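**Q** Give me coordinates for this.
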Amino acid sequence: MAWDPLVAVEIGTSKVCALVGEAREDGLILITGLGVCPSRGCVRKGLILDLEKAAACVKRAIEDAEQTSRVEIGKVYLTVAGGHVRCLHSQGSVPVLDVRAGITPEDMEQVKDVARAVNLPHDRELMHSIPCHYLVDDQPFVNNPRGMRGAKLALDMLLVHGARTALANAIQAVQGLGIEVADVAFSGLCAGMAILTPEQKEAGVALVELGAGTTNYLVYAGNAIALAGSLAVGGDHVTNDIAQAFNLSLKRAEQLKQDTGAGHLEPSQHIQELALPAEAGFSACSVSVSDVNTVIRARLDETFRLLARLFREQGLAQRLGAGIVLVGGGVQMKGLLPIAECAFDLPAGIGRPIHFSGLTLAAEGVAYAAPLGMLRYAARSLRRESEPGGLGRLVGSVLGRFWGRT
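**A** Presented below is the predicted three-dimensional model:
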């Protein structure tokens, strides 16, 4: 079955990205279009600060994607992130309708409805309801209970939720342009769909997406998603630390980070000094490369240790046999892996998108993990919807609750 080209949009702190892709029957996604527009000043920590400017960035990114892909874009799939995204575990149980006939798809749908029926605060919106493991009577960790005999069916489910206003503003930035938002998904979940292999998920793995304003995380344990969320800490914090430490403008601190910044120090850099000319409101000064990298390393180490503590508190640290996988624009920082391995006390590596082809920039750049994964998310959702007698989507849509649809 062939579908129209799929379009993923990510409204990030540093850039808005629009990716166009074609899903193939073999699971490969061909990237045919890419549009990028800087978004600094109108988005911070994944939250929209200026709706008009954010919408203008979305418009420009989509127009560039239309030009490179030579298609007209009228519908997109939107990824969202930010410190407002959180998760909680819920369990529901139901009696099996016909014990002799075994567990049916209807039983499975009913227990999903019970597990996701959690009363969230009025300012929160359920984004995803992800089945983790079923339990049949006293037998835990059942992946697929269909046809099994038992009197009671239970389900452990992970619920990912976000701030209602933050989600609504992101959707409005697109829909205000007359473009339909087909679905919304958490960026960390999408990044995992682009990067992680079945073997990593089975062994247990934590994906950490380092963005400009946020750090998203997704943890698999026992081949099921066990934890997901976002920290309102990103590359902008590193830039701000450099600016404050050396009395520099944010623009110059960002350039210094990009040009010479690293998480480790080369022997030749111990005595290297950089002469910075004066700029409006800031005096000329000399900055030690060693001191700059010390500031960078301290912030990265703190961010990783925040996550490491969270994983320990959730009992997941000992279940990550495949270690830590890093993606996002922040992984371009040199010397990142040793800091991560020390903080997590686990092996760490840079993730690469799998089963994508086409535009080199999008297919090879880990900075595009989330929109790449959103294309796969969209393709799988469409495939499930087209299957006769299918059980529906693994991950529920937020849009029906926003606009009064079921």
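**Q** Residue ranges in the stretch 201-350 of the chain under the pLDDT threshold?
**A** 265-270 (pLDDT under 70).
**Q** could you give the mean pLDDT of the helix or strand harbouring L153?
**A** L153 belongs to strand 152-163 when assigned by DSSP states H and E. Average pLDDT, strand 152-163: 96.
**Q** From the contact counts, what lies against the next helix or strand after it?
**A** Of the helices and strands lying after strand 152-163 in sequence (DSSP H and E), the nearest is helix 164-175. Helix 164-175 sits against strand 6-11, strand 47-48, helix 51-69, strand 75-80, strand 124-136, strand 180-186, helix 399-403, with contacts defined as 3 or more Cβ pairs under 8 Å, 6 or more residues apart in numbering; DSSP states H and E. All C-beta spots, glycine's among them, are computed from the backbone N, C-alpha and C.
**Q** for the stretch 251-400 of the chain, what spans make up the helices?
**A** With DSSP state H, counting those that start in this stretch as the criterion, the stretch 251-400 of the chain has helices at 289-313, 336-344, 360-364, 369-386, 399-403.
**Q** If I take the fourth one and strand 180-186, what angle do their directions form?
**A** Same thing as helix 369-386. Put simply, helix 369-386 runs at 110 degrees to strand 180-186, going by axes from the mean of the first three to the mean of the last three Cα atoms, to 10 degrees.
**Q** Can you give me the buried ones in helix 369-386?
**A** 369-383 (16 or more other Cβ atoms under 10 Å).
**Q** Show me which of those residues is closest to V295.
**A** Nearest to V295 among the buried residues of helix 369-386 is A369, at 26.5 Å by Cβ to Cβ.
**Q** any idea how far stretch 333-351 is from the chain center?
**A** Offset of stretch 333-351 from its chain centre (Cα atoms, centre = their mean, to the nearest Å): 19 Å.
**Q** how about it: buried residues?
**A** Buried residues in stretch 333-351, defined by neighbour count with 16+ other Cβ under 10 Å: 333, 335-337, 339-341, 343-344, 346, 348-349, 351.
**Q** May I have the strand holding L153 as CSV, with CA atoms only?
**A** Extracted in CSV, the C-alpha atoms of strand 152-163 (Å, rounded to 0.1, in the frame of the first residue of the first chain):
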residue,chain,number,x,y,z
LYS,A,152,-8.4,-12.1,34.9
LEU,A,153,-6.5,-9.9,32.5
ALA,A,154,-4.4,-7.0,33.8
LEU,A,155,-2.2,-4.4,32.0
ASP,A,156,0.7,-2.2,33.1
MET,A,157,0.6,0.9,31.0
LEU,A,158,2.9,4.0,30.7
LEU,A,159,1.0,7.3,30.4
VAL,A,160,2.9,10.2,28.9
HIS,A,161,1.2,13.6,29.5
GLY,A,162,2.0,17.2,28.9
ALA,A,163,0.8,20.7,29.8
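**Q** Mean confidence (pLDDT) on stretch 175-192, please.
**A** 96.
**Q** Need the distance between the two termini of it.
**A** From its first residue to its last, stretch 175-192 covers 26 Å (Cα to Cα, to the nearest Å).
**Q** could you dump the helices of the stretch 251-400 of the chain to CSV with distance to P140?
**A** Output for those, formatted as CSV (distance: least, Cβ to Cβ, whole Å):
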stretch, distance to P140
helix 289-313, 22
helix 336-344, 28
helix 360-364, 40
helix 369-386, 26
helix 399-403, 31
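**Q** Which of the helices or strands spans the residue in the chain sticking out farthest from the centre?
**A** Most distant from the centre of the chain: R100, at 42.8 Å, with distances by Cα atoms, centre = their mean. Here R100 is covered by no helix or strand, with elements defined by DSSP H and E.
**Q** What is the neighbour count of the nearest residue to it once chain neighbours are set aside?
**A** Sequence neighbours aside, R149 is the residue nearest to R100 in space, at 7.9 Å (criterion: Cβ to Cβ, 6 or more residues apart in numbering). A total of 13 residues lie near R149 under the criterion other Cβ atoms under 10 Å.
**Q** Quick one: residues contacting R149.
**A** Taking Cβ atoms under 8 Å, 6 or more residues apart in numbering, we find R149 in contact with V99, R100, G102, I103, V136.
**Q** One more: E199?
**A** A322.
**Q** In which helix or strand does G35 reside?
**A** strand 29-38.
**Q** taking the mean pLDDT, what do you get for that strand?
**A** So the average pLDDT for strand 29-38 ends up being 94.
**Q** wait, I171 sits on V184?
**A** Yes. With contact defined as Cβ atoms under 8 Å, I171 counts as touching V184 (6.6 Å).
**Q** Would you mind writing the CA trace of stretch 103-123 as PDB?
**A** The C-alpha trace of stretch 103-123 is given here as PDB (Å, rounded to 0.1, in the frame of the first residue of the first chain):
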ATOM      1  CA  ILE A 103      -8.600 -13.800  25.900                       C
ATOM      2  CA  THR A 104     -10.000 -11.900  22.900                       C
ATOM      3  CA  PRO A 105      -9.100  -8.600  21.300                       C
ATOM      4  CA  GLU A 106     -12.200  -7.100  23.000                       C
ATOM      5  CA  ASP A 107     -10.800  -8.100  26.400                       C
ATOM      6  CA  MET A 108      -7.500  -6.500  25.500                       C
ATOM      7  CA  GLU A 109      -9.200  -3.200  24.400                       C
ATOM      8  CA  GLN A 110     -11.300  -3.200  27.600                       C
ATOM      9  CA  VAL A 111      -8.300  -3.500  29.900                       C
ATOM     10  CA  LYS A 112      -6.500  -0.700  27.900                       C
ATOM     11  CA  ASP A 113      -9.400   1.600  28.500                       C
ATOM     12  CA  VAL A 114      -9.400   0.800  32.200                       C
ATOM     13  CA  ALA A 115      -5.600   1.300  32.500                       C
ATOM     14  CA  ARG A 116      -5.700   4.700  30.800                       C
ATOM     15  CA  ALA A 117      -8.700   5.900  32.800                       C
ATOM     16  CA  VAL A 118      -6.600   8.100  35.100                       C
ATOM     17  CA  ASN A 119      -7.800  11.500  36.400                       C
ATOM     18  CA  LEU A 120      -5.100  13.900  35.400                       C
ATOM     19  CA  PRO A 121      -5.100  17.500  36.700                       C
ATOM     20  CA  HIS A 122      -7.200  19.800  34.500                       C
ATOM     21  CA  ASP A 123      -4.100  21.500  33.100                       C
END
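**Q** Having no further points to raise, I will conclude here.
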